[in-house]
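**Q** I'll drop the sequence and a predicted model, then ask my questions.
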Protein chains: 2
Amino acid sequence: MENFELLAVDYYSQARLGLLHTAHGVIETPVFMPVGTQGTVKAIAPDRLEEMGVKIFLCNTYHLHLRPGEDVVKEAGGLHHFISWPYSLLTDSGGFQVFSLTDLVDVDEDGVYFRSHLDGSLHRFTPEVALQIQMDLGADIVVPLDQCIGFPASSHEERIGAERTLQWAKRSKQFFSSPHQLLFGIIQGGMDEDLRIYCTKETVAMDFAGYALGGLSVGEPPPLTYEIIEKVEPFLPHDRPRYLMGVGTPESIIEGVRRGIDMFDCVLPTRNARNGCLLTHQGKVNIGRQEFSRDFRPVDAECHCYTCLNFSRAYLRHLFKCKEILASELATIHNLYFMVELMENIRKSLREGYFLEFAEEFLAGYESNSSSFSKK
Amino acid sequence: MENFELLAVDYYSQARLGLLHTAHGVIETPVFMPVGTQGTVKAIAPDRLEEMGVKIFLCNTYHLHLRPGEDVVKEAGGLHHFISWPYSLLTDSGGFQVFSLTDLVDVDEDGVYFRSHLDGSLHRFTPEVALQIQMDLGADIVVPLDQCIGFPASSHEERIGAERTLQWAKRSKQFFSSPHQLLFGIIQGGMDEDLRIYCTKETVAMDFAGYALGGLSVGEPPPLTYEIIEKVEPFLPHDRPRYLMGVGTPESIIEGVRRGIDMFDCVLPTRNARNGCLLTHQGKVNIGRQEFSRDFRPVDAECHCYTCLNFSRAYLRHLFKCKEILASELATIHNLYFMVELMENIRKSLREGYFLEFAEEFLAGYESNSSSFSKK
């Protein structure tokens, strides 16, 4: 059986409805994947994720390699056992962290030397090493080591990063041998449309189980992101899932879905939550604001999450002002529930044929109020 | 109906089995009350407390007065509504915090001026103010403002604190008018047995709904605590609950129960949890230790809490090493579950008449291993 079933394509856009099968279950797409960097989605326990319908989240290869080390995870019976998560998991390649977080020592065709951001210790990633770590971790979806180029970057840098990523993808494909894992290819190419199309064709020719667009949402203006998706989309096979890495916000997810993306991941819903920035159907809200000190309504009257069903804006504000740990948990529960529900509504609109109407209506309510909170 | 039903007194000790009725339910005693300083038991949501059988916890009047202020809580419909807790709550008098945490400006017979530990603002507590705050907060059990004397203290200090506490108790009793709240008296008197007995008699003569022993567990050696409990116990009425404030550890709770105490509160199980110190039937465990890095057994094989049923010592250690918020939550769940279960087992042993055997067996397992963790 193929791992991806394309159930429907929207008549008025590129939006797709699908099912992704992994060794740990079925994921309805389009899907948003929360980020569980160090083997935990920050500030929320796995039973709460399960309860709200999360079926997959992402862990960072770089972080887990440093702590606790893939050998510990493997000895525990793999990542699912170690972190007690019975559904699907995805690990990234470590490339993004190596190129953005560490003290880089040397990069060449063969791989990269870098120093840990934790203790300065020297480490070596090659495509084979990065993939072996991921095979030891045992996530359901894994990706090859790639070189992520920031924004802005010179044409030369973009080409070097793109070619290196293609070479590393080829080596990863050869090295990979793990019947229960899916290897996705990562498409780089910076902000150069021709280079992106070239990379897409080359990567697709290698025949991966899915395709990730990397090196986007790295600081470029959103219209540029959307333009690049539009350019490469025609070269992506319809029968494989497409994953837009590091995206994102409710708006950018809707824009991505419209352009044919099936999978998203981003730290924003969880990171924002810990900073008191809550997602609502009326836009983003900074719950720490004085105006909420005697506001006894839920964060979002339309929301049915544990937080909104039980607690007021005033109480949440109090918890944030007091720096209570519960503030982070309740806000994280709410923001992730919001994202899960958004994706459910997107899929429902695709199933029933009104995706663009849904998108328009959602964005109108969301964007018009993002700076101020509805007084009702 | 009386608020306290004494169901049984142990034949071989002073230990008591009882039921405490409040406006928000029935509490089986002996009971351990977690501490929810600022209106949340740190690092755990109320649904988890409910799930594990917690029926009452304590909030701090001093902290809630400063943030968010009793006016906000009152406007929210009271503390139960504000924090979303349908069972019983107790507030302390604020005295302990005022005398230990703040910059004291002036204390006299009438009350105390102090500066907030948060912003240095000047505040005034009199017995009437402290009780009015608690009446506004609306906890089920409230206490009069008292003057807690530390250890060691001079006879003079002990006598001053004791007399002032008695005077304030008298004024509080007169001022109190709240049909749905229970007012407990606090007995001070330092480490002087005669003074303690005097305070006990005087306080009991005022006829409170329950009696709290304050100013113990403030640094004195545990045998001295137990001695003082033994001295005052004969002067406490059998038909009222007795509450030992700020205690404690599993050992000291068992010693307190043996001497006729019904209620306990302490920050230790939750504070220790956040520091990686876990309670087990084999004693205390510092989960951060290297020896647990590949230990895939649960924290406590006998425990049925969410943490022990789902996660290993190795994973918990990893979370603590990474300073993940989930570390605090999982450890808090475990430690509170441990305390709830300990109290359940104490009550069962009292019901079935084997309390001293239970106490002996528990302490033998717990104390013999408190510094090292059983290797099974």
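**A** Cool, the structure landed.
**Q** C-alpha only now, for contacts and for neighbours.
**A** Will do.
**Q** domain boundaries for chain A, per the record?
**A** Domain ranges of chain A: A:4-266, A:273-368, per automatic domain parsing.
**Q** out of those domains, which comes closest to residue B:310?
**A** Residue B:310 lies closest, by CA to CA, to one member of the domains of chain A: domain A:4-266, at 6.1 Å.
**Q** run a quick neighbour tally on the one residue in the stretch 101-250 of chain A that gets nearest to chain B.
**A** Distances between the stretch 101-250 of chain A and chain B by CA to the nearest CA are smallest at residue A:118, namely 10.2 Å. Residue A:118 has 10 neighbouring residues, counting by other CA atoms under 10 Å in any protein chain shown.
**Q** element containing residue A:119?
**A** Using DSSP states H and E, residue A:119 sits in no helix or strand.
**Q** can you give me phi and psi for it?
**A** Reported as degrees, to the nearest 10, the phi and psi values for residue A:119 are phi -140, psi 10.
**Q** from residue A:351, how far out is it?
**A** 50 Å (CA to CA, to the nearest Å).
**Q** show me which of these two is the more surrounded one.
**A** More crowded of residue A:119 and residue A:351, by other CA under 10 Å: residue A:351, with 17 against 8.
**Q** quick one: the more buried one and residue A:8 touch, right?
**A** Yes: counting by CA atoms under 8 Å, residue A:8 is a contact partner of residue A:351 at 7.4 Å.
**Q** which neighbours do those two have in common?
**A** residue A:17 (CA atoms under 8 Å, 6 or more residues apart in numbering or on different chains).
**Q** which strands and helices sit next to the host helix or strand of residue A:315?
**A** Per DSSP H and E, residue A:315 falls inside helix A:313-321. Contact partners of helix A:313-321 among helices and strands, from 3 or more CA pairs under 8 Å, 6 or more residues apart in numbering or on different chains; DSSP states H and E: helix A:325-352.
**Q** so which bits of the helix it packs on are buried?
**A** Using 16 or more other CA atoms under 10 Å in any protein chain shown as the test for burial, helix A:325-352 gives A:325-347, A:349-351.
**Q** any chance of TSV for the domains of chain A, columns mean pLDDT?
**A** Formatted as TSV, the domains of chain A follow (pLDDT from 0 to 100):
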stretch	mean pLDDT
domain A:4-266	97
domain A:273-368	97
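**Q** what residues does the stretch 151-300 of chain A have near chain B?
**A** With the criterion set to CA under 8 Å from any CA of the partner chain, the stretch 151-300 of chain A comes near chain B through A:293-294, A:296.
**Q** could you redo those as JSON lines and give each row neighbour count?
**A** Output for those, formatted as JSON lines (neighbours: other CA atoms under 10 Å in any protein chain shown):
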{"residue": "A:293", "neighbour count": "18"}
{"residue": "A:294", "neighbour count": "19"}
{"residue": "A:296", "neighbour count": "19"}
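**Q** want to try CSV for the residues you listed, with secondary structure as columns?
**A** Output for these, formatted as CSV (DSSP: H, G, I helix; E, B strand; the rest coil):
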residue, secondary structure
A:293, coil
A:294, coil
A:296, coil
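**Q** near chain B, which of the buried residues of helix A:325-352 show up?
**A** Among those, the residues lying close to chain B (CA under 8 Å from any CA) are A:325-326.
**Q** picking that back up, make a markdown table out of the domains of chain A and add distance to residue B:125.
**A** Listed next are those as a markdown table, based on distance: least, CA to CA, whole Å:
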| stretch | distance to residue B:125 |
| --- | --- |
| domain A:4-266 | 37 |
| domain A:273-368 | 22 |
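**Q** quick one: closest of these to residue B:361.
**A** Residue B:361 lies closest to domain A:4-266 among these, at 33.3 Å (CA to CA).
**Q** and the closest one, how far apart are its ends?
**A** 22 Å.
**Q** return the distance of that domain from the chain's centre.
**A** 8 Å (CA atoms, centre = their mean, to the nearest Å).
**Q** the residue in the stretch 1-150 of chain A positioned nearest to chain B: what's it in contact with?
**A** As assessed by CA to the nearest CA, chain B sits closest to residue A:43 within the stretch 1-150 of chain A, at 5.1 Å. Residue A:43 sits next to A:328-329, A:332, B:324-326 when contact means CA under 8 Å, 6+ apart.
**Q** so which bits of the helix holding residue A:315 are buried?
**A** For helix A:313-321, by 16+ other CA under 10 Å, it's A:313-321.
**Q** again with stretch A:292-303
**A** Applying 16+ other CA under 10 Å to stretch A:292-303 flags A:292-300, A:303 as buried.
**Q** present those residues as JSON lines; the columns should include distance to residue B:187.
**A** Shown next, in JSON lines, are those (distance: CA to CA, whole Å):
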{"residue": "A:292", "distance to residue B:187": "40"}
{"residue": "A:293", "distance to residue B:187": "37"}
{"residue": "A:294", "distance to residue B:187": "37"}
{"residue": "A:295", "distance to residue B:187": "40"}
{"residue": "A:296", "distance to residue B:187": "38"}
{"residue": "A:297", "distance to residue B:187": "41"}
{"residue": "A:298", "distance to residue B:187": "42"}
{"residue": "A:299", "distance to residue B:187": "43"}
{"residue": "A:300", "distance to residue B:187": "47"}
{"residue": "A:303", "distance to residue B:187": "48"}
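**Q** closest to residue A:242 out of those?
**A** Residue A:242 has its nearest neighbour among those in residue A:303, at 29.1 Å by CA to CA.
**Q** quick one: that closest one from residue A:33, how far?
**A** Residue A:303 is 20 Å from residue A:33, by CA to CA.
**Q** what do you get for residue A:103?
**A** Residue A:103 sits 28 Å away from residue A:33, going by CA to CA.
**Q** comparing the two, which residue is more hemmed in?
**A** Under the criterion of other CA under 10 Å, the comparison of residue A:103 against residue A:33 puts residue A:33 first, with 25 against 16.
**Q** and that one, its phi and psi?
**A** According to degrees, to the nearest 10, residue A:33 has phi -110, psi 120.
**Q** dump the residue contacts of it.
**A** For residue A:33, the contact set (CA under 8 Å, 6+ apart) comprises A:54, A:56-58, A:263-266.
**Q** doesn't residue A:153 make contact with residue A:161?
**A** No: Residue A:161 is beyond contact range of residue A:153, at 10.3 Å (criterion: CA under 8 Å).
**Q** of those two, which one has the most company?
**A** Of the pair residue A:161 and residue A:153, residue A:161 is the one with more neighbours under other CA under 10 Å, namely 20 against 12.
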